[in-house]
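> Quick one, structure for this:
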Amino acid sequence: MTVDPAIRRLAQAARGAARRAYAPYSEFRVGTALLDASGRIFTQSGSRAE
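Alright, predicted model coming up:
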């Protein structure tokens, strides 16, 4: 199965955002990535209320 290169970049960006997430107690790091119509990727490192 071949994965679209844009999807690969999107998944890589989400993993990078998760590594930057702040989760001192649960250590459950969350990262999201959004691919817009022009091909730009936006990321967000999640923070949880702990």
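> residue ranges with poor pLDDT in the chain?
Residue ranges of the chain with pLDDT under 70: 47-50.
> do you know how far the residue sitting nearest the centre point of it is from residue 25?
The chain has residue 14 as the residue nearest its centroid, 1.7 Å off, counting by CA atoms, centre = their mean. The gap separating residue 14 from residue 25 is 22 Å, by CB to CB, to the nearest Å. C-betas here are computed from N, CA, C, even on glycine.
> do the same with residue 16
Residue 16 is 22 Å from residue 25, by CB to CB.
> So which of these two has more stuff around it?
Per other CB atoms under 10 Å, whichever of residue 16 and residue 25 has more neighbours is residue 16, with 14 against 7.
> After whichever strand or helix holds that one, heading C-terminal, what element do we hit next?
Using DSSP states H and E, residue 16 falls within helix 5-19. As assigned by DSSP H and E, the chain's next helix or strand after helix 5-19 is strand 31-35.
> Having no further points to raise, I will conclude here.
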